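Engineer: Next come a sequence and a model predicted from it.
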Amino acid sequence: MAQLCQSSPSGTSQENRDILAPAGSAVANSAVFFKEAFMSRVLLAIFLILFTTPRAFTLSSEEFAKPPRLVVVLVIDQFRSDYLTRFEKKFLPAGTAKNPGGFRFLMKESAYFPFAEYDSFQNMTCPGHATIATGSRPVHFGFSTNAWYDDQTQKTSDCTEDSVYGQSPHFLRTTTFGDELRLISPLSKVFSVALKARAAIMLGGHRANLALWLKDGQITTSDFYQKGKVPDWVTRLNEELKKQTNTSEADLVGSVRDTQLTFRMATKILETERLGRGADPDVLLISLSSHDLLGHARGPNHRDMMDLTLAEDKALAQFLKFLTKHMDGLSGVTIAVTGDHGIPPAEEELRSTGPAAGDLDMNSILAQANRKLDEKFGAPGKSPWILAAEGFHIHLNHPLMHAKKISPADVENEIRQVLLRSEGVADVFTRSDAEARRFPPGFLGEQVKNSYVADKDGDVLIIPRPFISAKGPHVVNHITGYSYDRSVPLLIFGPHIKPGVYSGAKVIDLAPTLSFMLRTIPPATCEGKVRQEIFK
């Protein structure tokens, strides 16, 4: 056994030296002092090991053998971390498990991570929902944005676009936690509902029984999930929706109606499919879009955002009450709540207080880049050097470069020089950098490494400074990896969950944690970890 302290050079132990020293002498007093100091440090080390080192699971084998009968995942689109902390005092009372309130009930009774994070370069709806369901990052599940320029077709492709089925998870290169459940438990049911197709499809994955979303004011799906007509209850609900007016996206900004409709779809599925009432565990995945519509139109700090969040709190409370009645209590239910991304403040809020905010003038930047390339390599003729620029991704004309026998890396570097002189650009990353595994320093480089998908992303990638965005149809845009876009709450409620406030979670941790509770292997490319500290 290793000794805690070495013997003295003379062979006399430290303990004997203490005894031989005259009592009250300086030597003796010094020896006692250092012995007590040493023991204090040993006790402190033991304390730190016992109480600060993450402890092993405390689930008993009997508890682990009983997976939840129903898992409900609620994703709130564009749900910044601070919405719960800012508006908490105005939420409904927490209530009890028999009569639950809304957000405050889950904040009190869940393992609550106020500031969970994505570690992707660009945070938006499609990759956000894919991250939640797969526990992996864009580089592994196959896309980093909602849509991208296809170099082969020279057109923009949407993340759910499918030439055979119209819409499907065709571009999702991995499994979801629901897929893994259905692979080993075919009688388990997995349903997803959302207003947005990309949300419902990415949550539902490849093996959902049904994914439903809204299109042109009607609830729909695709042949990938169900060929022929939709269920009867959907047909009846669509007849009601035909009678409603003011259902355009512009009319729904700041309205809780789409939240109420989505919850209504969810309750219908619970009723008609009897989710959670069978012998095998079921999964219901829900995505709410109200925050995204309002945040894009007015920003996260507009008074309407508080009003909307409080209205959603009431809608959530109603849904939880229905769920409690449907399941005869919540003892067999696991509920997870999170967001797919955040949103920066509106530009006008930052003008007077700084830092600088605004949109990059991409038209001007691209014009400068084309002139630079003309000067360096000669006029390109009818076909331009740059074929497209979407969301900070610049796509080059590879046939042109090949015809002129010009190295793509040389063209990329010329564009890099133009971009780095542009106000609002923090750094530039290129395809050649990716091939050489050269990434920017710090967290931005890690985000790019986690996100760059070579067959979809641009040849040149602009990394903006904080609060700089790409001009688009919205007043406020989320398109970066900065804290305001990547930070969301994460709450996990269940019978074996230890309520409390926690830190350090990533959104990729949700899928493996739910897989563990369902006793399935995690999704194929899952990179997250089971949050073992939340179990009782």
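Structural biologist: Yep, it's here.

Engineer: what is the mean pLDDT for the host helix or strand of Met517?
Structural biologist: Secondary structure from DSSP states H and E places Met517 in helix 510-518. Averaging pLDDT along helix 510-518 gives 98.

Engineer: Use 352 as the first number from now on
Structural biologist: OK, 352 is where the count begins now, so the last one is helix 861-869.

Engineer: what are the ranges of the helices in the stretch 452-601 of the chain?
Structural biologist: 454-460, 476-485, 489-492, 528-535, 548-555, 583-593, 600-603 (DSSP state H, counting those that start in this stretch).

Engineer: Tell me who's in contact with Ala763.
Structural biologist: Just to correct that, residue 763 is Glu rather than Ala. By Cβ atoms under 8 Å, 6 or more residues apart in numbering, the residues touching Glu763 are Leu747, Thr781, Arg782, Ser783, Asp810, Val811. C-beta: built from backbone N, CA, C; applies to glycine.

Engineer: Now the closest residue to Glu663 other than its chain neighbours: which helix or strand?
Structural biologist: Spatially, and ignoring its direct neighbours in sequence, Glu663 is nearest to Thr610 (5.4 Å; Cβ to Cβ, 6 or more residues apart in numbering). Using DSSP H and E, Thr610 sits in helix 608-624.

Engineer: and the helix or strand following that helix, which strands flank it?
Structural biologist: Once the chain leaves helix 608-624, the next helix or strand it forms, by DSSP H and E, is strand 633-639. Sheet neighbours of strand 633-639, with direction, are listed as strand 421-427 (parallel), strand 541-545 (parallel) (DSSP bridges).

Engineer: if we compare the ones you listed, which one ends up closest to Ile483?
Structural biologist: Comparing the strands paired with strand 633-639 by their distance to Ile483 (Cβ to Cβ), the top pick is strand 421-427, with 6.1 Å.

Engineer: Quick check: the residue nearest to Glu663 touching Thr660?
Structural biologist: No. Using Cβ atoms under 8 Å, Thr610 is not in contact with Thr660, being 10.4 Å away.

Engineer: what comes up buried for stretch 512-529?
Structural biologist: Going by neighbour count (16 or more other Cβ atoms under 10 Å), the buried part of stretch 512-529 is 512-513, 516, 518-529.

Engineer: Quickly name whichever of those residues is closest to Pro815.
Structural biologist: Of all the buried residues of stretch 512-529, Pro815 sits closest to Phe522, with 25.2 Å by Cβ to Cβ.

Engineer: pLDDT wise, what is the closest one at?
Structural biologist: Phe522 is assigned 98 on the pLDDT scale.

Engineer: That one contacts Cys510, doesn't it?
Structural biologist: Yes. If you go by Cβ under 8 Å, Phe522 and Cys510 touch, sitting 5.7 Å apart.

Engineer: Quickly list the domain ranges of the chain.
Structural biologist: Annotated domains of the chain cover 412-697+830-885, 709-821 [automatic domain parsing].

Engineer: what is the mean pLDDT for the shortest one?
Structural biologist: Mean per-residue pLDDT for domain 709-821: 95.

Engineer: Between the two ends of that domain, how far is it?
Structural biologist: Using Cα to Cα, to the nearest Å, the end-to-end distance of domain 709-821 comes out at 8 Å.

Engineer: and Leu674, what does it touch?
Structural biologist: Per Cβ under 8 Å, 6+ apart, neighbours of Leu674: Val423, Leu621, Leu681, Val684.

Engineer: just Asp810 next, same as before
Structural biologist: Counting by Cβ under 8 Å, 6+ apart, Asp810 touches Ile745, His746, Leu747, Pro759, Val762, Glu763, Thr781, Arg782.

Engineer: Now the first one. Nearest residue, chain neighbours left out?
Structural biologist: Put plainly, it is Ile745. Nearest non-adjacent residue to Ile745, counting by Cβ to Cβ, 6+ apart: Val811, 4.0 Å away.
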